[in-house]
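Visitor: Predicted model, plus sequence, below.
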Protein chains: 2
Amino acid sequence: MARSVGRRPGDSGTREAILAAALTSFAERGYDATTVRGIARDADVDAALVHHYFGTKEQVFVAALHLPLEPATMIPAMFEAGPDGVAERVVRTFFRLWETPQTREPLMAMLRVGFTQAGAAGMLTGFVREALLERVAARLGVPDAGLRASLVGSQLVGLAVVRYVLAVEPLASADVETVIAALTPTVSRYLTGDLA
Amino acid sequence: MARSVGRRPGDSGTREAILAAALTSFAERGYDATTVRGIARDADVDAALVHHYFGTKEQVFVAALHLPLEPATMIPAMFEAGPDGVAERVVRTFFRLWETPQTREPLMAMLRVGFTQAGAAGMLTGFVREALLERVAARLGVPDAGLRASLVGSQLVGLAVVRYVLAVEPLASADVETVIAALTPTVSRYLTGDLA
């Protein structure tokens, strides 16, 4: 197909071409430097078509990696009942995703890939930081939102590694409510407490 | 060489043969199930020779993986000044190892391998749990020492992943004293505080 002609919206492979171009761009340029316009150019389609099929860059990312989450609705839901208890809801959301086999598998794959491919690590961390943790911290209106978000990330990533990836006992078999109770004060302090 | 004759202590390759047999056994059987006797048998030497060259199973592990640490002396040192401040000394020891390039590299390699090879994960976690964290928790004489040790492990592993392996900002460039101050209350609560 001549590049100047471009793909027509009806092409059956258009969605797949967009997702493939997106995955390549996220892996090679990182999450931050990837744009919907750049993905469209690489996939030889109009940017409006990318928006039409998938929405925002974040939603393209979620679709390209088959991620079991939707930050745009997930994060507002954590704040619905007000800022009190946000830490516990963050922790509960994390465990809901990791305790369900269908959502655990893609997260586990994403974490493993992030460890072994430099590009994958860049796209993974860019997404987790921008789409998830910085939004939570920004909504809380605290100073050092970026540092707080990455501290929360460090505890949750570490929990995922120890409990699910490496399956270290007794944490791997510990009752989930016990682990939620142990982690919530940590996440709460990182989000809104005194860090020094 | 006939197996029944065995290697003589003076064999120049004996140390290397022991370390190679040890690495295979730790990777295939895990840390817990590996014994000095088994390593000696696999390397075709007497178990006394393994002890003579390296000492305990833990010391064979440290030598086989070129680890920049010596738990047998490191952990008593953390408790020298009494139980107060142990959490901060655990955190400071962790950062001393990770902030020094010569010691960071083998730790990073160990973490990456632990993620991609099931056997490596087993030997890594067995060692970290038995040789490091359970000893700290046991010395503190608290209930749930195993759970407490693995919670500390989850925060420290997560910090290593986010700051050093994935290099997520702003945590990757944050001043080390800031990060120590942020982590110490978490490690302190996991070690001796109220978990529920």
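Guide: Yes, it's here.
Visitor: just checking, what packs against the strand or helix carrying A:S154?
Guide: Secondary structure from DSSP states H and E places A:S154 in helix A:145-159. In this structure, helix A:145-159 packs against helix A:86-99, helix A:134-140, helix A:176-192, helix B:145-159, helix B:176-192, with contacts taken as 3 or more Cβ pairs under 8 Å, 6 or more residues apart in numbering or on different chains; DSSP states H and E. Backbone N, C-alpha and C define where each C-beta goes, glycine included.
Visitor: when you scan the first one, is anything in it near chain B?
Guide: Read it as helix A:86-99. No: against chain B, helix A:86-99 shows no contacts by Cβ under 8 Å from any Cβ of the partner chain, the least distance being 11.9 Å.
Visitor: Can you tell me how far the spatially most central residue of chain A is from A:L65?
Guide: Nearest to the geometric centre of chain A sits A:V128, at 4.1 Å (Cα atoms, centre = their mean). From A:V128 over to A:L65 the distance is 12 Å, taken as Cβ to Cβ, to the nearest Å.
Visitor: A:E177 now?
Guide: Counting by Cβ to Cβ, the gap from A:E177 to A:L65 is 30 Å.
Visitor: which of the two has more neighbours?
Guide: Shown here are A:E177 and A:L65; by other Cβ atoms under 10 Å in any protein chain shown, A:L65 has more neighbours (21 against 11).
Visitor: That one and A:F127: what is the separation?
Guide: For A:L65 relative to A:F127 (Cβ to Cβ), the value is 8 Å.
Visitor: In chain A, which residue sits nearest chain B?
Guide: A:G158 (2.1 Å; Cβ to the nearest Cβ).
Visitor: wait, what's in contact with that residue?
Guide: Contacts of A:G158 were listed using Cβ atoms under 8 Å, 6 or more residues apart in numbering or on different chains, and they are B:153-159, B:161.
Visitor: Adding pLDDT, write those residues out as TSV.
Guide: Shown next, in TSV, are the contacts of A:G158 (pLDDT from 0 to 100):
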residue	pLDDT
B:G153	90
B:S154	93
B:Q155	96
B:L156	93
B:V157	90
B:G158	92
B:L159	95
B:V161	87
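Visitor: pretty sure A:R37 contacts A:A47?
Guide: Yes: with contact defined as Cβ atoms under 8 Å, A:R37 counts as touching A:A47 (4.9 Å).
Visitor: Let me have the helices and strands packed on helix A:145-159 in a markdown table, extended by distance to B:W98.
Guide: As requested, those are exported to a markdown table (distance: least, Cβ to Cβ, whole Å):
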| stretch | distance to B:W98 |
| --- | --- |
| helix A:86-99 | 24 |
| helix A:134-140 | 24 |
| helix A:176-192 | 19 |
| helix B:145-159 | 8 |
| helix B:176-192 | 9 |
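Visitor: Could you say which of the ones you listed is packed most deeply?
Guide: Ranked by mean neighbour count, the helices and strands packed on helix A:145-159 are led by helix B:145-159 with a mean of 25 (mean count of other Cβ atoms under 10 Å in any protein chain shown).
Visitor: quick one: it to chain centroid distance?
Guide: 13 Å (Cα atoms, centre = their mean, to the nearest Å).
Visitor: ok and it relative to helix B:86-99, angle-wise?
Guide: Using axes from the mean of the first three to the mean of the last three Cα atoms, to 10 degrees, the inter-axis angle of helix B:145-159 relative to helix B:86-99 is 40 degrees.
Visitor: Kindly format the C-alpha coordinates of helix B:145-159 as PDB.
Guide: Taking C-alpha atoms only, helix B:145-159 is exported to PDB below (Å, rounded to 0.1, in the frame of the first residue of the first chain):
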ATOM      1  CA  ALA B 145       8.600 -12.600  62.600                       C
ATOM      2  CA  GLY B 146       8.300 -14.200  59.200                       C
ATOM      3  CA  LEU B 147       5.500 -12.000  58.000                       C
ATOM      4  CA  ARG B 148       7.200  -8.900  59.400                       C
ATOM      5  CA  ALA B 149      10.500  -9.900  57.600                       C
ATOM      6  CA  SER B 150       8.700 -10.300  54.300                       C
ATOM      7  CA  LEU B 151       6.900  -7.000  54.600                       C
ATOM      8  CA  VAL B 152      10.200  -5.300  55.200                       C
ATOM      9  CA  GLY B 153      11.500  -7.200  52.200                       C
ATOM     10  CA  SER B 154       8.600  -6.000  50.100                       C
ATOM     11  CA  GLN B 155       9.300  -2.300  50.800                       C
ATOM     12  CA  LEU B 156      13.100  -2.700  50.200                       C
ATOM     13  CA  VAL B 157      12.700  -4.800  47.000                       C
ATOM     14  CA  GLY B 158      10.200  -2.300  45.700                       C
ATOM     15  CA  LEU B 159      12.500   0.600  46.400                       C
END
